[in-house]
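> Sequence first, then the predicted structure:
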Amino acid sequence: MAEEKTLSFEQAMDQLENIVEKLEEGDVPLEEAISFYKEGMELSKLCHDKLKNVEEQLAQIMNEDGRTESFFMNEEE
């Protein structure tokens with residue numbers, strides 16, 4: 001979904017929350033639920049990638065500032 005690449009983190013999270021709500025209601029036909037699930041996984045990956053990018057930027061900024069980035073290195077996926 002090329003359009004999702006242009007979504008902000010907040011927009012992607014809003015869409016993901018909507019999908020979760022729909023799936024939790026339980027009144028979704030199986031085919032539609034699978035489609036929602038796949039879309040949700042793509043949105044989840046998009047959010048993860050955006051967070052990882054920001055984390056790397058922060059680490060670089062802190063490293064340039066002479067501070068350590070060790071608190072980022074302790075977080076494993």
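Yep, that arrived. If you're wondering where the values come from, they're calculated on a predicted model, not measured in any experiment. Residues are numbered from 1 along each chain as shown.
> and the longest helix anywhere in the chain, how far from the chain's centre?
The single longest helix within the chain, with elements called by DSSP state H, is helix 30-64. Offset of helix 30-64 from its chain centre (CA atoms, centre = their mean, to the nearest Å): 3 Å.
> Give me the most central residue, the protein.
The C-alpha lying nearest the average C-alpha coordinate of the chain belongs to Cys47 (CA atoms, centre = their mean; 1.6 Å).
> So in this structure, where's the weakest helix or strand by average pLDDT?
For the chain, counting by mean pLDDT, DSSP states H and E, helix 70-73 ranks last in confidence among helices and strands (a mean of 54).
> quick one on the thing from earlier: against Pro29, how distant is the residue nearest to the centre of the chain?
Note on Cys47: its distance to Pro29, by CB to CB, to the nearest Å, is 26 Å. Bear in mind the C-beta positions are built from the backbone N, C-alpha and C, glycine included.
> go on, Gln57?
42 Å.
> just Val20 next, same as before
Taking CB to CB, one finds Val20 at 17 Å from Pro29.
> And these two? Which one has more around it.
Between Val20 and Pro29, counted using other CB atoms under 10 Å, the more crowded position is Val20 (13 against 8).
> And for that one, nearest residue in space, chain neighbours not counted?
Gly40 (6.9 Å; CB to CB, 6 or more residues apart in numbering).
> number of nearby residues for the one you found?
Neighbours of Gly40 using other CB under 10 Å come to 18.
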